[in-house]
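J.: Task: produce atomic coordinates for the following.
(4 chains)
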Protein chains: 2
Amino acid sequence: MSTVIEIEIQGRDVHMKETDTSPPRSERRDAAANRQRILDAALRLFEQHGVEAVSMNQIASEAQVGPGTLYRRYKNKSELCLDLIRDSADLLFEEYESYLEQHSMEPAQEQLKYFIRLFIRFREKKSQLLIGVEDSSQTNRPKSRTSSPIYNELNKIFVSLFDKMAASETLNADSDSVFKADMLQMVLSRDFYSIQRDVRGLSPESIFEQICFMFHL
Amino acid sequence: MSTVIEIEIQGRDVHMKETDTSPPRSERRDAAANRQRILDAALRLFEQHGVEAVSMNQIASEAQVGPGTLYRRYKNKSELCLDLIRDSADLLFEEYESYLEQHSMEPAQEQLKYFIRLFIRFREKKSQLLIGVEDSSQTNRPKSRTSSPIYNELNKIFVSLFDKMAASETLNADSDSVFKADMLQMVLSRDFYSIQRDVRGLSPESIFEQICFMFHL
DNA sequence: ATATTAAGCGGAGACATCTCCACTTGTCAA
DNA sequence: TTGACAAGTGGAGATGTCTCCGCTTAATAT
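T.: Okay, here's the model as predicted:
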C-alpha cells in the first residue's frame, strides 16, 4: 500500500521540477538517470519500429539496464506508454479546461462535442502510443482497461457532462450517465475506432458525426 | 491459401457426421483421434481451472500431443475456444431462425430485442469460453476481434435488422446501419459487458434495458 | 569520515507462445 | 501387398513476459 503511494509521489516529482529536495524522500539520482535513459530508449525504438514491434527486453538493453530494473518501474509496456504520453494527455485536459472557462455558458452538449473533437485529434496524433496504453499485456488482465488513470479521468469528464445534459432536459427518462460515458469511451477506444477507421474506411470526421448522431448531440 | 480451405472443410466434416468418406480426401483417422483428445483435454482443463489459467502447453501435454500438433490445428487459444463453442453458437443462431419464422411479421425492433436477449443469455451461460474466443493472443493482433467468424455472423444479423428498422421509419436521417451494428457488438463484447456487470454492478436485465434505451428500442 | 539502510540493480530462470523441420505413418493406387 | 507421398507428428529452440533475490550503492544520521 505505502509502496504504491510512494511510486505515485516519485512520478509526480519528476514531472514537476528537476532539483526537488522536498521532505518525502526524493528519487535517487542514479535511479532518475536510469529512468530517463529508459524513456529515451523507448521513445527512440517506438518511433523507429512502432510500439507493437518493440519488446521490453529490447528497451531494457537499449537503455542499458537489466530487465528487472525496467519492470521495477513499469509493470508492462502499457504503463511505459502511459508515462510517455502523460504530458500530452495533461495538455489535452488543460486545453479543455481553458475552453471551458471561456465557454462556460454554452450548453453541455456543445462542450461535449468540443471535447470529443479534441479527443479524436489526440487519438490521431498519438495513435501509436495510445494503442500501446490500451492493450495491457496478458498477465495482469483482470481489470485491464478500466483501471487506467486516463480512463478514469476521461470517465469523470464524460459523466459530469452527461449529468449536466440530463439536468437541463425537461423530460428525461432513465438514462444512466455512467453507462453512457462508458459507452462513449468504448466508441473512442482503439478497438472500435480502429475498426471504423481502417476496416470500415471512415474518416475521423465521419466517425465524429456518427458518434454525435448516436448520442443525440 | 488452399491450406485454409482444406482445414475449413475438415472442420465441417467433423461436425456433420462420423463416418464420412466423401471425395475431398477425408481427415486421417489418427488425426481425428488426436483432435478429439485435444478437445476433451481442453474442456476438462478449462472447467477445472478457468480458461485464462490454462496454457496451450498444458492442453498439449494433457492431450498427449506435442505443442506443434496442437498449434497445427489451432493458431491460438482463441481458435480452440471457438471450436469448443461452435455447437452452442449454432444452436443460438438456430433458435433465432426458428423464432423469426414464427414472428416474421413483428417489427424489426422487437426481433432485435429478442435477439439481444438471446445473446445476453448466451454470454452468461458461456462466459468463460466466450471470453477465450474474444481475446486473441498477441502475435496475430493486426485484425483480431473483427475477423472472427462469429463476429461476422452476428454483424450480418444486426446490420440487416437495423436496415429493416431504418426502412420502416418514415423520417430517417443519416444513420449508418454498419456503424450501429458495430457499436451494438461493442456493447455486447466482453470488454464492455464485463465492466457493466462486474465493475458497475449492473444485472444482465439492467444492461439489456440500458442498451435498448441507448439504441431507441 | 563512516556506518547504516533501504532503494535500486541486474540477470538467471520459470513459464508462455509459436515456428520449424526432420521424421513417422495412414491412405490410396497400382 | 506394397511403395509413394502427403498428411500428420513432436519437440527443440527462438523470442517474449515477468519474478525473484542476492548484491551494490546513494543518501542520511552519527
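J.: For chain A, just list every one of the strands.
T.: Counting by DSSP state E, chain A has no strands at all.
J.: does chain B sit close to stretch A:48-56?
T.: Yes. Judged by CB under 8 Å from any CB of the partner chain, stretch A:48-56 and chain B are in contact via A:E52. C-betas here are computed from N, CA, C, even on glycine.
J.: Wondering if that stretch reaches DNA strand C at all.
T.: No. Applying CB under 7 Å from any atom of the strand, one finds stretch A:48-56 out of contact with DNA strand C, separated by at least 10.3 Å.
J.: Tell me which residues of that stretch come out buried.
T.: A:V51, A:V54, A:M56 (16 or more other CB atoms under 10 Å in any protein chain shown).
J.: for stretch A:104-115, same thing?
T.: A:A108, A:Q109, A:Q111, A:L112, A:K113, A:Y114, A:F115.
J.: is it true that A:P204 touches A:E124?
T.: Yes. Under the criterion of CB atoms under 8 Å, A:P204 makes contact with A:E124 at 5.9 Å.
J.: For the two, indicate the residue with more neighbours.
T.: Comparing A:P204 with A:E124 by other CB atoms under 10 Å in any protein chain shown, the one with more neighbours is A:P204, at 15 against 12.
J.: roughly how far apart are that one and B:P107?
T.: Separation of A:P204 from B:P107 (CB to CB, to the nearest Å): 35 Å.
J.: ditto for A:R28
T.: Counting by CB to CB, the gap from A:R28 to B:P107 is 68 Å.
J.: which residue is nearest the centroid of chain A?
T.: A:I150 (4.1 Å; CA atoms, centre = their mean).
J.: what's the nearest residue to that residue if we skip its chain neighbours?
T.: A:A89 (5.8 Å; CB to CB, 6 or more residues apart in numbering or on different chains).
J.: Likewise for A:V199?
T.: Leaving out its chain neighbours, the residue that sits closest to A:V199 by CB to CB, 6+ apart is B:T146, at 5.8 Å.
J.: That neighbour is in contact with A:I195, isn't it?
T.: Yes. Using CB under 8 Å, B:T146 is in contact with A:I195, at 5.4 Å.
J.: neighbour count winner among these two?
T.: It is A:I195, of B:T146 and A:I195, that has more neighbours when counted by other CB under 10 Å, with 20 against 16.
J.: List the residues that contact that one.
T.: B:T146, B:D182 (CB atoms under 8 Å, 6 or more residues apart in numbering or on different chains).
J.: And A:Q109, by the same measure?
T.: A:M165, A:L217 are the contacts of A:Q109 under CB under 8 Å, 6+ apart.
J.: And it, how far from A:F119?
T.: Going from A:Q109 to A:F119 by CB to CB gives 16 Å.
J.: which residues sit against stretch A:76-92?
T.: Under the contact criterion CB under 8 Å, 6+ apart, stretch A:76-92 has outside partners A:11, A:15, A:38-39, A:42-43, A:46, A:51, A:54, A:56, A:59, A:74, A:118-119, A:122, A:125-126, A:129-130, A:132-137, A:139-140, A:148-150, A:153.
J.: List the ones among those that fall in helices.
T.: When helices are assigned by DSSP state H, the members of the contacts of stretch A:76-92 inside them are A:11, A:15, A:38-39, A:42-43, A:46, A:56, A:59, A:118-119, A:122, A:125, A:129-130, A:132-134, A:149-150, A:153.
J.: contacting residues for A:M186?
T.: The contact partners of A:M186, by CB under 8 Å, 6+ apart, come to A:F192, B:M186, B:V187, B:D191, B:F192.
J.: per the record, what domains does chain A have?
T.: Following automatic domain parsing, one finds the domains of chain A at A:1-73, A:77-217.
J.: if we compare those, which one ends up closest to B:S98?
T.: Counting by CB to CB, B:S98 lies closest to domain A:77-217 out of the domains of chain A; the figure is 31.1 Å.
J.: if you average pLDDT over the closest one, what comes out?
T.: For domain A:77-217, mean pLDDT is 91.
J.: Over to it now: how far is its first residue from its last?
T.: Domain A:77-217 has an end-to-end distance of 36 Å (CA to CA, to the nearest Å).
J.: Buried residues, the longest helix seen in chain A. List them.
T.: Longest helix in chain A, counting residues (DSSP H): helix A:77-102. Buried residues in helix A:77-102, counted by 16+ other CB under 10 Å: A:77-86, A:89, A:92, A:96.
J.: coming back round to it: quick check: the residue nearest to the centre of chain A touching A:V133?
T.: Yes. With contacts counted by CB under 8 Å, A:I150 reaches A:V133, the gap being 6.9 Å.
J.: how about the residues of chain A near chain B?
T.: So far as CB under 8 Å from any CB goes, chain A lies against chain B at A:52, A:135, A:137-138, A:141, A:143, A:145-146, A:173-176, A:178-180, A:182-183, A:186-187, A:191-192, A:195-196, A:199-200, A:202, A:209-210, A:213-214.
J.: So which of the residues you listed are in helices?
T.: Going by DSSP H, the helices hold A:178-180, A:182-183, A:186-187, A:191-192, A:209-210, A:213-214 from these.
J.: Max pairwise distance over these: which two?
T.: Most distant of these, by CB to CB, are A:V178 and A:E209, 24.7 Å apart.
J.: Once you drop chain neighbours, what's closest to A:F158?
T.: Leaving aside its chain neighbours, A:F158 sits nearest to A:A181 (3.6 Å; criterion: CB to CB, 6+ apart).
J.: interface residues of chain A facing DNA strand C?
T.: So chain A meets DNA strand C at A:10, A:25, A:27-28, A:30-31, A:34, A:64-69, A:72-73 (CB under 7 Å from any atom of the strand).
J.: Please list which of the residues you listed are also close to DNA strand D.
T.: A:R25, A:R28, A:D30, A:P67, A:G68.
J.: The last one - how many residues pack around it?
T.: Think A:G68. For A:G68, using other CB under 10 Å, the count is 8.
J.: Distance of it relative to A:Y74?
T.: 12 Å.
J.: for A:P107, same thing?
T.: With CB to CB as the criterion, A:P107 and A:Y74 are 41 Å apart.
J.: again, but for A:N152
T.: Using CB to CB, we find A:N152 at a distance of 19 Å from A:Y74.
J.: How about A:N155?
T.: Counting by CB to CB - A:N155 and A:Y74 are separated by 23 Å.
J.: same deal with A:N57?
T.: In terms of CB to CB, A:N57 sits 13 Å off from A:Y74.
J.: So which of these two has more stuff around it?
T.: Neighbours per residue (other CB under 10 Å) separate A:N57 from A:Y74, with A:Y74 holding more: 18 against 10.
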